[in-house]
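[1] Any chance you can model this:
(chains A, B, C and D)
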4 protein chains.
Amino acid sequence: MPINVLINGAWGRMGQEAVKAVQNDPELELVGQIGKTDDLTAVIQQSKAQVVVDLTTPAAVYKNTLAIINAQACPVIGTTGLTPEQIKKLEECCTQKKRGGVVAPNFSIAAILMMRFSAQVSQYFPHVEIIELHHAGKLDSPSGTAIKTAEMIATVRADQAAPKATHENIPGARGALHHHIPIHSIRLPGLVASQEVLFGGVGETLRICHNTIHREAFMPGILLACKKVLMLDHLVYGLEQLL
Amino acid sequence: MPINVLINGAWGRMGQEAVKAVQNDPELELVGQIGKTDDLTAVIQQSKAQVVVDLTTPAAVYKNTLAIINAQACPVIGTTGLTPEQIKKLEECCTQKKRGGVVAPNFSIAAILMMRFSAQVSQYFPHVEIIELHHAGKLDSPSGTAIKTAEMIATVRADQAAPKATHENIPGARGALHHHIPIHSIRLPGLVASQEVLFGGVGETLRICHNTIHREAFMPGILLACKKVLMLDHLVYGLEQLL
Amino acid sequence: MPINVLINGAWGRMGQEAVKAVQNDPELELVGQIGKTDDLTAVIQQSKAQVVVDLTTPAAVYKNTLAIINAQACPVIGTTGLTPEQIKKLEECCTQKKRGGVVAPNFSIAAILMMRFSAQVSQYFPHVEIIELHHAGKLDSPSGTAIKTAEMIATVRADQAAPKATHENIPGARGALHHHIPIHSIRLPGLVASQEVLFGGVGETLRICHNTIHREAFMPGILLACKKVLMLDHLVYGLEQLL
Amino acid sequence: MPINVLINGAWGRMGQEAVKAVQNDPELELVGQIGKTDDLTAVIQQSKAQVVVDLTTPAAVYKNTLAIINAQACPVIGTTGLTPEQIKKLEECCTQKKRGGVVAPNFSIAAILMMRFSAQVSQYFPHVEIIELHHAGKLDSPSGTAIKTAEMIATVRADQAAPKATHENIPGARGALHHHIPIHSIRLPGLVASQEVLFGGVGETLRICHNTIHREAFMPGILLACKKVLMLDHLVYGLEQLL
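    Presented below is the predicted three-dimensional model:
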């Protein structure tokens, strides 16, 4: 029997992709798609949703997640903006009710694998640099994924040593240092979102490259979360917990 | 106290690299370097070698490995050419004597990680092609590493389906199929040995690239084997068993 | 004063991009957008179009181009399917009337540059292989651009020698040979259209990579053609004639 | 009849490569290989050298070049360290004597092509970033080739506008700006010398990548200069003048 899924925030671009993805998955049944609503609880109950995917706004996400849990549904949260304190409270709430939940800042399975592998490689090859390439409209740098990748590497790599001190004839040449790992941010038209993690060893290099060209890349992760969340008895943070 | 290491086949190009690598490792002590010898057993005993690294020839490797085991040393075998039957006999011999041994067709740690990750990715992204690039002097294709990568993917990937049937206007365009995985072999001057494993998903790709430019790339794997083999009580096949 | 442009085949996906692109270019004025029509000549005359961009179907393109020329407008033809004989007739027709025209199988400026550079490099580095990567839905291989690239290289490269004869343990590993140049075709989801031309020399490689992620990549070439076609007094084949 | 070539600075690593390269070229005849010498003029006359390749040291190169010209031979200078004033004087000297000469900071033909193409592409695609990757031992950044590439692009590109102002959460993320072009310098073991020039356009990117793995990559350029220098009647600066 398919799982009943409700999409909250269905009219945004990500929401529209999620609607299509759920409709095309035979293990899932789309029981509703809503935008802004005064009474999320009522919609959940009427639609008999077992899972609610939230793709709304940072301002609304905490209140929505609480409402989903209280309405006896399982939250799958792709909206960013939850503070660590809010996540902690949601975790307590789920644990108490033995209810599954998934909160993930990045629903791309490939991005999660890239980060996981990078941490593993760094145990053998501590010399690493990160190159992230995004469309010209992305104004902040480095990207959140690059920063998270550096942090995951930093917690495990064998040799915490910084790269050899080099002389920059022009400041910035050697990139941004985060946990002693250089990060280089490229911003150009013709790109969507890419990241390369480049490891150097004696006589060889290993490179892990993730390239996204469309937001539908996040759908397999959302669908996976919808299916696995019903088997959980607590809230998990990060799609990597489900892989 | 450092581990006593003897290099057999020390005058070849790989042997010369191994001599340098062992000499530069403070945990290892080079107690001998030999080429062709009539009495490997005597050399092992006189040098008090605990580990013997064999980098000789396919014709000599089986006999050498038996001699190493019988002389109470641990073999680390980088020479290719052992048949499955020979490997089986060597395994039995080591198990009986509770002696550690390592036989590995590829001592590059990065190559092993590339293969391991590829198998993991294929559980989520079954659509994959392999591109291997080697120097113009490599006359056979596809490479052994490409074939092994395809085999490792084939044993685990979720969806065993072949790529969509396509029409080749010129035969060979879609590469060599091994376990339904297309392999493309490039042969050009200016390359040493590279491999890319390219996974395609909806709206995204994940690529794992290994690039070797010098045979010293194999040394960290050989050094690792020298250190770990003393702690084993049986023979292992493949460097991946030690990672 | 802006140039009057009519888009024929405006309701297809390429046509829709062209409508947007012309509307956003201050040097051009969109005077009409039509789909199937019984009387292209009348529409051209009523709209006072100076240039007609044709993005229709192989079956209609020849008749359309003749109609455009006869209606005193300049054709910019992005539709494929014209035979060499038809192109010859259209050239004669334009030359006689001293009318400019552009027929181009590929309106991506970057693709044209890739092909042009490849031909130039091959004069110094005759060893070359082509890797083209397209979405899984592209059923034919190799791509037309890869074949054209090989042909352009073949006409100029210093050394026409084939790659060294290698042994394929699995047929197809070394790709499709066209003019002695190996072409490798990758087909995966998560890709749109890419091509790499890889040259190998002694101790070095040079690689030219073109990556398309959206059909708006063809618009700058179409806009360029609209502006330059008015200054021509004959029909040119290939966007490269305008660069 | 082959051209008589003398190698000055034959005992360095680059000199050794040049000796081998000249020996293997049927159009050239190696008439001498010398290291430090008190009397370069005498050696040139005795050896009947027509061309002298200088691969010595910055301190010696100017005096050597003058001696070569005065001894009626043609200089091919691969040594760095000539000042603009010295180059000017050497040019005057060659012009006066109608003698050919070649001074080149980079003898890789592929590197020259990469720079030339980059300048050409930038006329159509003004948005560009440079990524240069070198071995961990290269302490200065950005590389000279990256800086020269940016300068060549800057003199010709259509749109001199800087990249969009972006916010660096960590300083250095957006690289070093030279003529408004971001340059990113990677330093890792397992690399020798690589450079990528990445151009972004609407919906597409074009990338030109040069990868060097061995100093023999400079030999075809040196051999080319040896052959062409005899046909010159003045001194040229930069291998690009011969292509």
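
[2] can I assume A:L90 sits in a strand?
    No. Assignment of A:L90 by DSSP: H, G, I helix; E, B strand; the rest coil gives helix, placing it outside any strand.

[3] give the contact list for it.
    Counting by C-beta atoms under 8 Å, 6 or more residues apart in numbering or on different chains, A:L90 makes contact with A:Y62, A:T65, A:L66, A:I69, A:P75, A:L82, A:G101, A:V103, A:L235. Quick note: C-beta positions are derived from backbone N, CA and C, even for glycine.

[4] For chain C, state which of those is nearest.
    Ranked by distance to chain C (C-beta to the nearest C-beta), these are led by A:V103 at 25.9 Å.

[5] Quick check: that closest one vs D:F117, distance?
    Spatial separation of A:V103 from D:F117 under the definition C-beta to C-beta, to the nearest Å is 47 Å.

[6] which ones are touching the most centrally placed residue in chain A?
    Nearest to the geometric centre of chain A sits A:N106, at 1.1 Å (C-alpha atoms, centre = their mean). Taking C-beta under 8 Å, 6+ apart as the definition of contact, the neighbours of A:N106 are A:I112, A:T145, A:F218, A:G221, A:L239.

[7] residue ranges with poor pLDDT in chain A?
    Low-confidence regions of chain A, defined here as pLDDT under 70, cover residues A:158-162.

[8] residue farthest from the centroid of it?
    A:N169 (37.1 Å).

[9] any idea how far that one lies from A:R207?
    Following C-beta to C-beta, the distance that separates A:N169 from A:R207 is 27 Å.

[10] Ok, A:I87 next?
    Distance, A:I87 to A:R207, using C-beta to C-beta: 33 Å.

[11] More neighbours: the two, which one.
    Neighbours were tallied for A:I87 and for A:R207 using other C-beta atoms under 10 Å in any protein chain shown; the higher tally belongs to A:R207 (19 against 16).

[12] Now the helix or strand hosting that one - C-alpha only, PDB.
    Here A:R207 is covered by strand A:204-212, with elements defined by DSSP states H and E. Coordinates of the C-alpha atoms in strand A:204-212 are reproduced here as PDB (Å, rounded to 0.1, in the frame of the first residue of the first chain):
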ATOM      1  CA  GLU A 204      48.800  10.300  -7.900                       C
ATOM      2  CA  THR A 205      45.600  12.300  -7.300                       C
ATOM      3  CA  LEU A 206      42.000  11.300  -6.500                       C
ATOM      4  CA  ARG A 207      39.200  13.600  -7.400                       C
ATOM      5  CA  ILE A 208      35.500  13.400  -6.500                       C
ATOM      6  CA  CYS A 209      33.300  15.700  -8.600                       C
ATOM      7  CA  HIS A 210      29.600  16.400  -8.100                       C
ATOM      8  CA  ASN A 211      27.700  18.300 -10.800                       C
ATOM      9  CA  THR A 212      24.100  19.400 -10.500                       C
END
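
[13] That strand vs strand B:204-212, what angle?
    Between the axes of strand A:204-212 and strand B:204-212, defined by axes from the mean of the first three to the mean of the last three C-alpha atoms, to 10 degrees, the angle is 170 degrees.

[14] correct me, but A:I44 touches A:N70?
    No. Contact criterion C-beta atoms under 8 Å: A:I44 and A:N70 do not qualify, at 9.2 Å.

[15] Which one's more surrounded, these two?
    Set A:I44 next to A:N70 and count neighbours by other C-beta under 10 Å: A:I44 wins out with 25 against 14.

[16] What degree of burial does the closest residue to chain C within chain A show, as a neighbour count?
    Among all residues of chain A, A:I213 sits closest to chain C, at 4.8 Å; criterion: C-beta to the nearest C-beta. With neighbours defined by other C-beta under 10 Å, the count for A:I213 comes to 19.

[17] Can you name the residues that contact it?
    A:V192, B:G203, B:E204, C:G190, C:V192, C:I213.

[18] Could you list the residues of chain A in contact with chain B?
    By the rule C-beta under 8 Å from any C-beta of the partner chain, the part of chain A lying against chain B is A:108-110, A:113-114, A:117, A:120-121, A:124-125, A:199, A:201-217, A:219-220, A:243.

[19] Can you say which of the residues you listed are buried?
    With burial judged by 16 or more other C-beta atoms under 10 Å in any protein chain shown, the buried subset of the residues of chain A next to chain B is A:108-110, A:113-114, A:117, A:120-121, A:124-125, A:199, A:201-217, A:219-220.

[20] quick one: A:N8 and A:V53 touch, right?
    Yes. Under the criterion of C-beta under 8 Å, A:N8 is in contact with A:V53, at a separation of 6.8 Å.

[21] who has more neighbours, these two?
    Set side by side, A:N8 and A:V53 show unequal neighbour counts under other C-beta under 10 Å, the larger going to A:V53 at 35 against 31.

[22] Which helix or strand contains the more buried one?
    Using DSSP H and E, the element containing A:V53 is strand A:51-54.

[23] in stretch A:125-139, what counts as buried?
    For stretch A:125-139, the buried set under the neighbour-count rule, 16+ other C-beta under 10 Å, comprises A:F125, A:P126, A:H127, A:V128, A:E129, A:I130, A:I131, A:E132, A:L133, A:H134, A:A136, A:K138.

[24] Equivalent analysis for stretch A:137-157, please.
    Applying a neighbour-count criterion of 16+ other C-beta under 10 Å, one finds A:138, A:141-143, A:145-150, A:152-154, A:157 buried in stretch A:137-157.

[25] And stretch A:67-85, by the same measure?
    A:A67, A:I68, A:I69, A:A71, A:A73, A:C74, A:P75, A:V76, A:I77, A:G78, A:T79, A:L82.

[26] That one: how far from the chain's middle?
    In this view, stretch A:67-85 has its centroid 14 Å away from the chain centroid, taken as C-alpha atoms, centre = their mean, to the nearest Å.

[27] do that stretch and chain D meet?
    No. Residues of stretch A:67-85 contacting chain D under C-beta under 8 Å from any C-beta: none, with a closest distance of 15.7 Å.

[28] how long is that stretch end to end?
    One end of stretch A:67-85 sits 17 Å from the other (C-alpha to C-alpha, to the nearest Å).

[29] ditto for stretch A:97-112
    Its first and final residues considered, stretch A:97-112 spans 28 Å by C-alpha to C-alpha.
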